[in-house]
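Asker: below: sequence and its predicted model.
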Amino acid sequence: MSGHPVVRGTRVHAETILAYLRGGHTAQEIFEDYSSLPVDGIDAVVRWAEATYGADWKSSPSPAVR
């Protein structure tokens, strides 16, 4: 998706899921909005965020997703 990381098997940007998590949304709320996410999709995004932004990924600024 234009070089932006997505959740495998979907067109959902990883940064979109991070924005939800940074906003305090629960996994249940995310799955309600993105029913196409695989069960392990949120965990995969968290692992990617930790590898990309480090342990403080919740407070790291996200680049704008287009």
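Answerer: Perfect, I can see it now.

Asker: just give me the neighbour total for residue 46.
Answerer: Residue 46: 16 surrounding residues under other C-beta atoms under 10 Å. Backbone N, C-alpha and C define where each C-beta goes, glycine included.

Asker: do the same with residue 60
Answerer: 13.

Asker: okay but it is in contact with residue 54, surely?
Answerer: Yes: counting by C-beta atoms under 8 Å, residue 60 does reach residue 54; the two are 7.2 Å apart.

Asker: how about the closest residue in space to residue 34 that isn't next to it in sequence, what does it touch?
Answerer: Ranked by C-beta to C-beta, 6 or more residues apart in numbering and with sequence neighbours excluded, the top spatial neighbour of residue 34 is residue 12, at 5.4 Å. Contact analysis of residue 12 by C-beta atoms under 8 Å, 6 or more residues apart in numbering lists 6, 34, 36-37, 41.

Asker: kindly report the same for residue 14.
Answerer: Residue 14 makes contacts with 4-7, 45, 48-49, as judged by C-beta under 8 Å, 6+ apart.

Asker: which of those fall in helices?
Answerer: Of the contacts of residue 14, the ones assigned to helices by DSSP state H are 45, 48-49.
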